[in-house]
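Engineer: Sharing a model prediction with you, sequence too.
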Amino acid sequence: MRHTSAVVVGAGHCGLAMSRCLAARSVDHVVLERGDVAHSWRTRRWDSLRLLTPNWMTRLPGYAYRGDDPDGYLGAPEVARLLADYAAESAAPVVTGTTVTSTRAEAGGYVVRTDRGSWRTRTVVVATGATAVAAVPARLAQGVPAEVVTVTAADYRNPDRLPPGGVLVVGASASGVQIAEELQRSGRPVTLAVGEHVRVPRTYRGRDILWWMDASGLLDERWDQVPDLLRARNLPSMQLVGSPQRTTLDLNALAALGVRLVGRFAGVRDRTAQFAGSLPGVCTLADLKLGRLLDTLDAWAERAGTAAEPPHRFAPTAPPVPAALSARLGDGGIATIVWATGYRPDLSFLEVDVFDRRGAVVHDGGVTASPGLYVLGLPFLRRRKSTLIDGAAADADELAEHLLGHLDALPRRRAG
């Protein structure tokens, strides 16, 4: 059995950021990765996907974007190459092709078992992120007729991979609106089932919306400063798309393309998909939240004296009235369902008592109740931007400092 002071699970951007922060503190560690560096970016992204964040926001500990297109948006292959280069430049101690099968607490630390041997360690950082498993509503999926093809956003690649016929996209956050647009432009009839969503423009007052959120400090808002942390951690992702045209992709834009907008997917009866009549309400709520966001940014711009275009507002969302409440599945109707209903972490290897009754890991800014066990990359972990590549640096730095304090408090022993 091998020994080390820290085991980091996952060699995506969060795991590599933590490795860099641990190395800066001279903490011996290893990064265990089931595939290659940036495995998910290589295997679980559709072909046309680009980052939602502009390139200048691609910042990691000791690294910043170095290309000639700071206002562009990296594609998935480019992100994978960037992370591989970052790992090499950092000399991160990554062990690839190694799947962690269990992690258990033992006296003074943990035993991490893998399909290639075991490690004894005093600390563990779980950096596998929040998007390991597509979250498909089981009750809805069970009612779908067998001849209807179903895929998740993680499995979707491009329109040519789907059978002919109409497509129902379930979910109107970032993944859902992008996939719905691509499918509609390919010539397929697309229905988009819309639940709660966060509407934002790609640009506002002449700048990228994320420039405003970054400069105003909104993305740096801390987990211990928000009044309703549970809700903040469960907000849908923003309706954004990274494109050279810096296009705003909201429900109005999709409707103009011909996408059929319906309410939340409520169930299946007699081979017919049923939709809730909540579409006008959720659109009004999204418009109200957008207005509050823009008011906040305008107030900050006035205080900061930022030179920008004058404030302006966007047309309210105009859902069809009345919205359709059903759609035929199969039989010449909807042939494919794309589940763009979000993701969840995969912590099945973690055999430590740190979960609530619903199976979610309990933590305080990434610090769990099990001494020396940390999580990284979950929504609003320590900041509003925690799940962004740009959010990993500050979170990893603070958790690495906490980890070092934990190690210093333990009885000294030889690490390996």
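Structural biologist: Now that the structure is in, tell me what you want to look at.
Engineer: ok, residue 46 - contacts?
Structural biologist: Residues in contact with residue 46 (Cβ atoms under 8 Å, 6 or more residues apart in numbering) are 153, 156, 157, 158, 179, 182. Every C-beta, even on glycine, is put in place using the N, C-alpha and C of the backbone.
Engineer: Next one: residue 283 from residue 338, what distance?
Structural biologist: Counting by Cβ to Cβ, to the nearest Å, the gap from residue 283 to residue 338 is 21 Å.
Engineer: Give the buried residues for stretch 216-227.
Structural biologist: 216, 218, 219, 221, 223 (16 or more other Cβ atoms under 10 Å).
Engineer: Can you tell me the closest non-neighbouring residue to the third one?
Structural biologist: Looking back up the chat, that one is residue 219. If the residues on either side of it in the chain are set aside, residue 219 comes closest to residue 385, at 4.0 Å by Cβ to Cβ, 6 or more residues apart in numbering.
Engineer: Longest strand in the chain, by number of residues?
Structural biologist: strand 117-126 (DSSP state E).
Engineer: next helix or strand past that one?
Structural biologist: Once strand 117-126 ends, the next helix or strand along the chain (criterion: DSSP states H and E) is strand 133-134.
Engineer: Was I right to think the residue nearest to residue 219 contacts residue 222?
Structural biologist: No - counting by Cβ atoms under 8 Å, residue 385 stays clear of residue 222, with 10.7 Å between them.
Engineer: which is the next helix or strand following the longest helix seen in the chain?
Structural biologist: Secondary structure of the chain per DSSP state H: the longest helix is helix 279-304. Per DSSP H and E, the first helix or strand lying C-terminal to helix 279-304 is strand 326-328.
Engineer: Got phi/psi on residue 185?
Structural biologist: Main-chain torsions, residue 185, degrees, to the nearest 10: phi -70, psi -20.
Engineer: I should have written residue 367 there, sorry.
Structural biologist: phi -100, psi 120.
Engineer: Next, the contact list for it, please.
Structural biologist: 374, 399, 402.
Engineer: Make TSV out of the residues you listed and add secondary structure.
Structural biologist: Listed next are those as TSV, based on DSSP: H, G, I helix; E, B strand; the rest coil:
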residue	secondary structure
374	strand
399	helix
402	helix
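Engineer: now the helices for the chain?
Structural biologist: Using DSSP H, helices in the chain cover 13-24, 39-43, 76-90, 138-142, 174-185, 209-215, 229-233, 251-257, 279-304, 392-409.
Engineer: Let me know which of the ones you listed is the nearest to residue 113.
Structural biologist: Set against residue 113 and scored by Cβ to Cβ, the helices of the chain come closest in helix 13-24, at 18.2 Å.
Engineer: What mean pLDDT does the closest one get?
Structural biologist: Mean pLDDT, computed over helix 13-24, is 98.
Engineer: again with stretch 51-69
Structural biologist: In this model, stretch 51-69 carries a mean pLDDT of 95.
Engineer: again with stretch 305-313
Structural biologist: 93.
Engineer: try stretch 361-372
Structural biologist: On average, stretch 361-372 scores 98.
Engineer: And stretch 199-214, by the same measure?
Structural biologist: On average, stretch 199-214 scores 98.
Engineer: Now the terminal residues of that stretch, how far apart.
Structural biologist: 17 Å (Cα to Cα, to the nearest Å).
Engineer: ok, residues contacting it?
Structural biologist: By Cβ under 8 Å, 6+ apart, stretch 199-214 touches 52-54, 57, 71, 218-220, 238-241, 243, 246-251, 286-287, 289-290, 293-294, 297, 300-301, 308-312, 314, 317, 390.
Engineer: Would you point to the one among the helices of the chain that's packed deepest?
Structural biologist: Of all the helices of the chain, helix 13-24 carries the top mean neighbour count, a mean of 26, counting by mean count of other Cβ atoms under 10 Å.
Engineer: So which other helices or strands are in contact with that helix?
Structural biologist: Here helix 13-24 touches strand 2-9, strand 29-32, strand 59-60, helix 76-90, helix 392-409, going by 3 or more Cβ pairs under 8 Å, 6 or more residues apart in numbering; DSSP states H and E.
Engineer: Return the distance of the longest one from the chain's centre.
Structural biologist: Per Cα atoms, centre = their mean, to the nearest Å, the displacement of helix 392-409 from the mean C-alpha position of its chain is 23 Å.
Engineer: before we move on, what about the first one?
Structural biologist: Between the mean C-alpha location of strand 2-9 and the chain-wide mean there is a distance of 26 Å, by Cα atoms, centre = their mean.
Engineer: Return the set of buried residues in it.
Structural biologist: For strand 2-9, by 16+ other Cβ under 10 Å, it's 4, 5, 6, 7, 8, 9.
Engineer: just checking, the second one touches residue 28?
Structural biologist: So that's residue 5. Yes - counting by Cβ under 8 Å, residue 28 is a contact partner of residue 5 at 4.9 Å.
Engineer: hmm, back to that, which one, of the helices and strands packed on helix 13-24, ends up nearest to residue 334?
Structural biologist: That would be helix 76-90 among these, by Cβ to Cβ, at 27.5 Å.
Engineer: Could you check the angle the closest one makes with helix 13-24?
Structural biologist: Relative orientation of helix 76-90 and helix 13-24, computed by axes from the mean of the first three to the mean of the last three Cα atoms, to 10 degrees: 10 degrees.
Engineer: Count the residues that sit near residue 356.
Structural biologist: Using other Cβ atoms under 10 Å, residue 356 is surrounded by 8 other residues.
Engineer: List the residues that contact it.
Structural biologist: Going by Cβ under 8 Å, 6+ apart, residue 356 touches residue 362.
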